[in-house]
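1. Attaching a predicted model along with its sequence, questions to come.
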Number of protein chains: 2
Amino acid sequence: MTRERRATITDVARAAGVATSTVSRAFTRPQRVNAATREHVLRVADELGYVPNPAARAMGTGRTQTLALLVPDLTNPFFSGIITGAEQAAARAGRTLVVADTQESPEREQHLLTSLDPAVDGFVVAASRLPDDALREAAARSRIVLLNRATPGLPAVVADYESGTRQVVEHLASLGHRELVFLGGPVGSWSGARRWAGLQRACADLGVQAVRWGPYSPTLAGGPGAADAALAAGARAVVCHNDMLAIGVLRRLAERGVAVPADISVVGFDDIFGADFCHPPLTTLAERTRDAGSAAVGLLISAETDGVTALPTELRVRASSGPPRS
Amino acid sequence: MTRERRATITDVARAAGVATSTVSRAFTRPQRVNAATREHVLRVADELGYVPNPAARAMGTGRTQTLALLVPDLTNPFFSGIITGAEQAAARAGRTLVVADTQESPEREQHLLTSLDPAVDGFVVAASRLPDDALREAAARSRIVLLNRATPGLPAVVADYESGTRQVVEHLASLGHRELVFLGGPVGSWSGARRWAGLQRACADLGVQAVRWGPYSPTLAGGPGAADAALAAGARAVVCHNDMLAIGVLRRLAERGVAVPADISVVGFDDIFGADFCHPPLTTLAERTRDAGSAAVGLLISAETDGVTALPTELRVRASSGPPRS
DNA sequence: GATCACATGGCAATCGTTTGCCATTCGTTG
DNA sequence: CAACGAATGGCAAACGATTGCCATGTGATC
């Protein structure tokens, strides 16, 4: 299959009887050319099926009109919302979105940050596993916006865990719970630390005992271990690092014949796809992942260089939480 | 924040005391330079933090080392697996993956196909909504691999629905069902047509009555309408266009107090995330979405120009299907 | 009618890399 | 020892767009 050569700006210029500079300006600087000329050029370009070559454009201007999104785990539905939001915001702004999976590996994250650097105008790094100084160093080279992670000096979009965890604790307390177990995720997780810190503060204020266990893998597979531990200790309310873990816990509890929420209440974080139709439907703190993704891209495009944007969270109360059976 | 200028090939050449051509060859044509020279150049490049500029590279060679993946709906978890598989395969081959959402719109799909064209080496188009001739026309310009859609003359990766639908019908028949209702998705859906065609053939062979209803939206939101219709007609076994719809149906049935599978069996397609923990867990025909994504990228890279790759499917029997209550 | 400002279009340099072609060096071979 | 070919490195011309600067033409102003 022989592919037709793509029309270049030179072809258009020749066909339209103008200089390439005029063609270029007809596209990128509408005011700079006569309206009639411009229209003529655009028509000719259209006839020839001319599409500006972004690589060539990037060479001169240094901007690629491309943004990168780095996520630790593409298979985690939590990040689907982020991808969607980011892609929408990018498309709306006429940018192209590159998506890469760091596979929870700091090395891979570091590598992508440097190898992709000349190819993109900036990065949204979601749930970065990199130490602060590595991030700052990368930010000296490229524009970076963090998502669900904050580092002084870098712009970031995060969920409002302070308010969110309070909602969680208030909810459990209102049901009559006086103690809760936090089933924690990976030790290095920034959002995990925020969640736990927020829970502790809220618990202190509301007279609830809180203990943290773990770490557990923040996946369905982490569920059994976490559930068994909670059961062994006689917990009546558990708050899980995220919904993946919570759903894994739910499954294990069902397997072991434990009634939810009568015997034990389960609460998650994120409100991922499926949280409303697992069994029982999961009470969880919803993050606005789409908004987070698009907000991060927005900051990137507006060239924000600092400041933390906190997005509201909302507790979605479903059937997995209830008063403890006395 | 002032960003440091990136090192270029010229900087490396100067620092290493060689010509830029030698630096270039040290990277891209290892045999072409003396081993010692090469090592020296690479070391200097590393010290300077040199990363080749892909835009500049693309200018000369015409290849961007970038692949695009077009999906109709990023929020559908079915495509998450495809994205993951595609991204992995691309990363493994040293390619960058651009992801774009066509939002089920043929126009947007068409637009992306042309506007992204000079930016990428090829496209994986998943579940294309475009007519055959539009696809062929696009394929005259760019390299294209179809996914879950086939068009004569274009390479494609599809699920083996022939075998898959047979498994579905055999399963239902073995439970004692003699009739089934197919709750169809969008009229233009290629995979929907395949599924229905396969079901019909299998039903004919196995003495099962099959009728098709719809179209319904292939989303959770399509569930209520589809479920109500099935109920009204007294269906005892429904096969849904995909899992999203099936889960929507399941929810609606639960709402209306219908017992699954005693009163009605529900089967889906895809085995998306959540299909195993919805209530009851969904019997569904699993597609290997990761494999599909990576196979498609593989075909793109190997410059395949034709032929259909059929990926095996596997029926996952769960609790949503059972013998009809007599 | 001369002057001037402004609108418009063209020329050519530039961005960073690849690559065809040529020059040099060096080891072989007859 | 002359001749030759292989290995290696450099020169310079692309690639396709953008953009600073200049030339020309036009209408307004005094």
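-> All right, it came through fine. Just so it is clear, the structure is predicted and the values come from calculations on it, not from any experiment. Numbering: from 1, shown residues only, chains lettered A, B, ... in the order given.

2. residues near A:E39, how many?
-> The local packing count at A:E39 equals 12, with neighbours defined by other Cβ atoms under 10 Å in any protein chain shown. To be clear about C-beta, it is placed using only N, CA and C from the backbone, and glycine gets the same treatment.

3. do A:F123 as well
-> A:F123, neighbours per other Cβ under 10 Å, totals 27.

4. Within the sheet, what are the partner strands of the helix or strand containing it, with directions?
-> Secondary structure from DSSP states H and E places A:F123 in strand A:122-126. Applying DSSP bridges, strand A:122-126 is found paired with strand A:66-71 (parallel), strand A:144-147 (parallel).

5. tell me how far the first one is from the chain's mean position?
-> Okay, so that is strand A:66-71. Relative to its chain's centre, strand A:66-71 lies at 11 Å (Cα atoms, centre = their mean, to the nearest Å).

6. Alpha carbons only: can I get the helix or strand just after that strand in PDB?
-> Next along the chain after strand A:66-71, taking DSSP H and E as the criterion, comes helix A:77-92. What follows is helix A:77-92 as a C-alpha-only set of coordinates in PDB (Å, rounded to 0.1, in the frame of the first residue of the first chain):
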ATOM      1  CA  PRO A  77     -10.100   2.500  37.600                       C
ATOM      2  CA  PHE A  78      -9.400   5.400  39.800                       C
ATOM      3  CA  PHE A  79      -7.100   6.700  37.200                       C
ATOM      4  CA  SER A  80      -9.600   6.200  34.400                       C
ATOM      5  CA  GLY A  81     -11.500   9.200  35.600                       C
ATOM      6  CA  ILE A  82      -8.300  11.200  35.700                       C
ATOM      7  CA  ILE A  83      -7.400  10.200  32.200                       C
ATOM      8  CA  THR A  84     -10.800  11.100  31.000                       C
ATOM      9  CA  GLY A  85     -10.800  14.500  32.600                       C
ATOM     10  CA  ALA A  86      -7.300  15.200  31.400                       C
ATOM     11  CA  GLU A  87      -8.000  14.100  27.900                       C
ATOM     12  CA  GLN A  88     -11.100  16.200  27.700                       C
ATOM     13  CA  ALA A  89      -9.300  19.300  29.000                       C
ATOM     14  CA  ALA A  90      -6.400  18.700  26.700                       C
ATOM     15  CA  ALA A  91      -8.600  18.200  23.600                       C
ATOM     16  CA  ARG A  92     -10.600  21.300  24.500                       C
END
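
7. Next, the angle from helix A:77-92 to strand A:66-71.
-> 170 degrees (axes from the mean of the first three to the mean of the last three Cα atoms, to 10 degrees).

8. quick one, phi/psi of A:T305?
-> Main-chain dihedrals, A:T305, degrees, to the nearest 10: phi -120, psi 0.

9. hang on, it packs against A:P155?
-> Yes. Using Cβ atoms under 8 Å as the test, A:T305 is close enough to A:P155 to be in contact (6.3 Å).

10. Tell me which residues touch A:A296, please.
-> A:I82, A:A86, A:V124, A:A126, A:V145, A:L146, A:L147, A:V157 (Cβ atoms under 8 Å, 6 or more residues apart in numbering or on different chains).

11. Can you pull up the residues of chain A that come close to DNA strand C?
-> Residues of chain A found near DNA strand C (Cβ under 7 Å from any atom of the strand) are A:17-22, A:31-38, A:59-60.

12. mind checking how far the residue in the stretch 201-326 of chain A that chain B sits nearest to is from A:V168?
-> Here the residue of the stretch 201-326 of chain A nearest chain B is A:G274; by Cβ to the nearest Cβ that distance is 3.5 Å. Going from A:G274 to A:V168 by Cβ to Cβ, to the nearest Å gives 19 Å.

13. Who has more neighbours out of these two?
-> A:V168 (29 against 22).

14. Where does that one sit: helix, strand or coil?
-> Three-state call for A:V168 (DSSP: H, G, I helix; E, B strand; the rest coil): helix.

15. Which segments of chain A make up each domain?
-> Following automatic domain parsing, chain A resolves into domains at A:9-61, A:66-158+A:290-311, A:161-288.

16. what mean pLDDT does the longest one have?
-> For domain A:161-288, the per-residue pLDDT values average out at 95.

17. What's the end-to-end length of that domain?
-> Using Cα to Cα, to the nearest Å, the span of domain A:161-288 from its first residue to its last is 12 Å.

18. for stretch A:231-240, same thing?
-> Using Cα to Cα, one end of stretch A:231-240 lies 14 Å from the other.

19. separation between the residue nearest to the spatial centre of chain A and DNA strand C?
-> Centroid check for chain A by Cα atoms, centre = their mean gives A:I82 as the closest residue, at 3.9 Å. Counting by Cβ to the nearest atom of the strand, to the nearest Å, the separation of A:I82 from DNA strand C is 31 Å.

20. what do you get for A:S294?
-> Taking Cβ to the nearest atom of the strand, one finds A:S294 at 31 Å from DNA strand C.

21. Following the chain onward from the helix or strand harbouring that residue, which element is next?
-> A:S294 is part of helix A:289-301 when elements are defined by DSSP H and E. Remark: after helix A:289-301, the chain's next helix or strand is strand A:308-311, criterion DSSP H and E.

22. So which bits of the helix or strand containing A:T165 are buried?
-> For A:T165, the host element (DSSP H and E) is helix A:161-174. Residues of helix A:161-174 classed as buried by neighbour count (16 or more other Cβ atoms under 10 Å in any protein chain shown): A:Y161, A:S163, A:G164, A:T165, A:R166, A:Q167, A:V168, A:V169, A:H171, A:L172, A:A173.

23. wouldn't the fourth one be in contact with A:A193 here?
-> No. Look at A:T165 against A:A193 with Cβ under 8 Å: they stay out of range, at 11.7 Å.

24. what's the strand holding A:F123 in contact with?
-> By Cβ under 8 Å, 6+ apart, strand A:122-126 touches A:67-72, A:79, A:82, A:86, A:109, A:113, A:116, A:135, A:138, A:142-149, A:293, A:296-297, A:300.

25. Fine, thanks again, bye for now.
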